[in-house]
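what follows is a predicted structure for the sequence shown.
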Amino acid sequence: SKVPPIILNNGVEMPQLGFGVWQVPDDEAEQAVATALEAGYRSIDTAAIYGNEEGTGKALAASGLPREELFVTTKLWNSDQGYDTTLRAFDVSLGKLGLDYVDLYLIHWPVPSKDQYVDTYKAFEKLHAEGRIKAIGVSNFLPEHLRRLIGETSVVPAVNQIELHPHLQQHAAREFHAERGIATEAWSPLGQGKGLLEVPAIVAIARKHGRTPAQVVLRWHLQLGNVVIPKSVTPSRIRENIDVFDFTLDTEDLAAISALNEDRRLGPDPAAFDIA
Ligand code: NAD
């Protein structure tokens, strides 16, 4: 594969760059995922709430790629939190994807007001022990949620998928994850394409390397050690976003991008987000 893996804390290999399908309608997901697989992506990030597990699954099946070469992530939605509801929701997701296991299953949001993420995670541990999930993890967990989860369960999460881009660099979370062997996966790695890709410092670095701003931002993540899952439905951009393994940002470039941090979220605050 074009994409080097990182080794998760349970020994499972995960491609450091994958393809995200948030906001891709089910009937367009098949084509988008097919384009991504042709371009060399092997990791796909979906979620029950995205409503496109079926389209994603169709593309995986149609690709003819061996299952062991694929890395499929899906996520449990907030309204399905709880032990028994999680077991049922997992079966539904697996059925829609047309798979007999997923590589990574994530609790989509902690929803602290529900106080069910520990029970939810215990169901994840059961499914993991049965071999139906290769690695279990979380998304949008703050260090306080991770600390409690680790204290009350047996399997340290392999991944925490959080909003992370040059305007929200998440220094404290990344350090916390590194201390505990949790991989940091960046959602909205391109800042949703809003403004970030026109920031003069990024445009200048892109020009210097003969690359695009999106490629520079993805390269910054990769050199920091983040897993990234950029999204696009445009074939040329899908290909552009994986074509980032033949150039390197220098110390000066990395420092210039690191200076862009504003601790500014595009998405919700995980401490308060409770939409079912
Ligand atoms: P992103 O940062 O990947 O940006 C995607 C947008 O950037 C595209 O819609 C397009 O407008 C633009 N873009 C993409 N490639 C480009 C290029 N080469 N040149 C110029 N513009 C380009 O944003 P995202 O989709 O929010 O995040 C990526 C993935 O992260 C999602 O698809 C989803 O899988 C995941 N995600 C997870 C959560 C969560 O709560 N766990 C939340 C949001 C997103």
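Now that the structure is in, tell me what you want to look at.

switch to C-alpha atoms for all contacts and neighbour counts from now on
OK.

can you list the residues of the stretch 101-250 of the chain near the ligand?
Taking C-alpha under 6 Å from any ligand atom as the contact definition, the stretch 101-250 of the chain meets the ligand at 108, 139, 161, 187-193, 214, 229-232, 237, 240-241.

can you list contacts of stretch 259-267?
Residues from elsewhere that reach stretch 259-267, judged by C-alpha atoms under 8 Å, 6 or more residues apart in numbering: Glu163, Pro166, His167, Leu168, Gln169, Gln170, Gly191.

show me the residues of the stretch 101-250 of the chain next to the ligand that map onto helices.
Among those, the members falling in helices (DSSP state H) are Ala214, Arg237, Glu240, Asn241.

surely the third one and Gln215 touch.
Yes. Judged on C-alpha atoms under 8 Å, Glu240 makes contact with Gln215 at a distance of 7.1 Å.

and the two? Which one has more around it.
Set side by side, Glu240 and Gln215 give different neighbour counts by other C-alpha atoms under 10 Å, the larger being at Gln215 (21 against 16).

OK, contacts around the more buried one?
So Gln215 contacts Ala206, Glu240, Asn241, Asp243, Val244 (C-alpha under 8 Å, 6+ apart).

of the residues you listed, which is the most crowded?
The most crowded member of those is Asn241, carrying 26 neighbours; neighbours defined as other C-alpha under 10 Å.

for that residue, which non-adjacent residue is closest in space?
If the residues on either side of it in the chain are set aside, Asn241 comes closest to Gln215, at 6.0 Å by C-alpha to C-alpha, 6 or more residues apart in numbering.

closest one of the ones in helices among the residues of the stretch 101-250 of the chain next to the ligand to Arg67?
The shortest approach to Arg67 among those belongs to Asn241, at 23.2 Å (C-alpha to C-alpha).

tell me the contacts of the closest one?
For Asn241, the contacting residues are Ala214, Gln215, Leu218, Pro230, by C-alpha under 8 Å, 6+ apart.

ok, which stretches of the protein are strands?
In the chain, strands defined by DSSP state E lie at 5-7, 13-15, 19-20, 43-45, 71-76, 102-107, 133-139, 159-163, 183-187, 227-228, listed in chain order.

appreciated, that's everything.
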